[in-house]
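Participant: fold the following for me, if possible:
(2 chains)
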Amino acid sequence: AQSVSQHNHHVILSEAASLELGCNYSYGGTVNLFWYVQYPGQHLQLLLKYFSGDPLVKGIKGFEAEFIKSKFSFNLRKPSVQWSDTAEYFCAVNANQAGTALIFGKGTTLSVSS
Amino acid sequence: GAVVSQHPSWVICKSGTSVKIECRSLDFQATTMFWYRQFPKQSLMLMATSNEGSKATYEQGVEKDKFLINHASLTLSTLTVTSAHPEDSSFYICSARVQGLAGTEAFFGQGTRLTVV
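Facilitator: As a prediction, this is how the structure comes out:
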């Protein structure tokens, strides 16, 4: 079975600081990897996804993530955060086969002070 | 991208009554849909996998008699919370995967906020 670990429960940053949120997964086969964001009171939005190819994936709003297969990691990064990035961030993984569900990490709360 | 529509977006019901939530794939066919539950400030927990034309597969700890899932067509799955109690109050989200050339991507409904009073 797949599982996802997000090590940072709550991250507090000042505007313009750099961000890195950790995500590790456990699964032996080929996986698809995702980062979602949930702004306060809103629904999930896809930030970026990795299926195959270049392990450095660029998403919306200046976010990027790097897939390191040897470390089973898919960390999310942003060079300079903004107050509007305050939200809950979820890493998710599913096996690259039909009929399998997306499994989510517990989430990381990002608070950015202006 | 593909669209998944969920209805209702919010519902308040009395304790002991049943509530049905619908999840539709609007522009694609979904042989498999997934139901999640999200408590406040927590992650999405997979409840069950809904399979068109067959029984749903429930995750450990999810009562199948309480959370009835029906996937009668390739575009509709329903979740019925039977004899709802206040502890069932939560945010329920459905999802369907679309197989593309590069991989599969999940699309989510807008969610249903259930409040049991």
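
Participant: okay, CA-based contacts and neighbour counts for the rest of this
Facilitator: Noted.

Participant: give the closest residue to the residue in chain A that chain B sits nearest to in space, chain neighbours not counted.
Facilitator: Scanning chain A for the residue nearest chain B gives A:K106, at 4.9 Å (criterion: Cα to the nearest Cα). Spatial nearest neighbour of A:K106, excluding adjacent residues (Cα to Cα, 6 or more residues apart in numbering or on different chains): B:S43 at 4.9 Å.

Participant: is it true that that neighbour touches A:T108?
Facilitator: No - look at B:S43 against A:T108 with Cα atoms under 8 Å: they stay out of range, at 9.3 Å.

Participant: can you list residues touching both of those two?
Facilitator: Contact criterion Cα atoms under 8 Å, 6 or more residues apart in numbering or on different chains; residues shared by B:S43 and A:T108: A:F90.

Participant: which one of those two is surrounded by more residues?
Facilitator: A:T108 (24 against 20; other Cα atoms under 10 Å in any protein chain shown).

Participant: show me the contacts for that one.
Facilitator: A:Q6, A:N8, A:H9, A:H10, A:V11, A:L21, A:E88, A:Y89, A:F90.

Participant: the same query, at a cut-off of 10 Å, please.
Facilitator: A:6-11, A:21-23, A:37, A:87-91, B:41-43 (Cα atoms under 10 Å, 6 or more residues apart in numbering or on different chains).

Participant: hey, what's A:S26 bridged with?
Facilitator: As for beta bridges, A:S26 partners with A:S3 under DSSP bridges.
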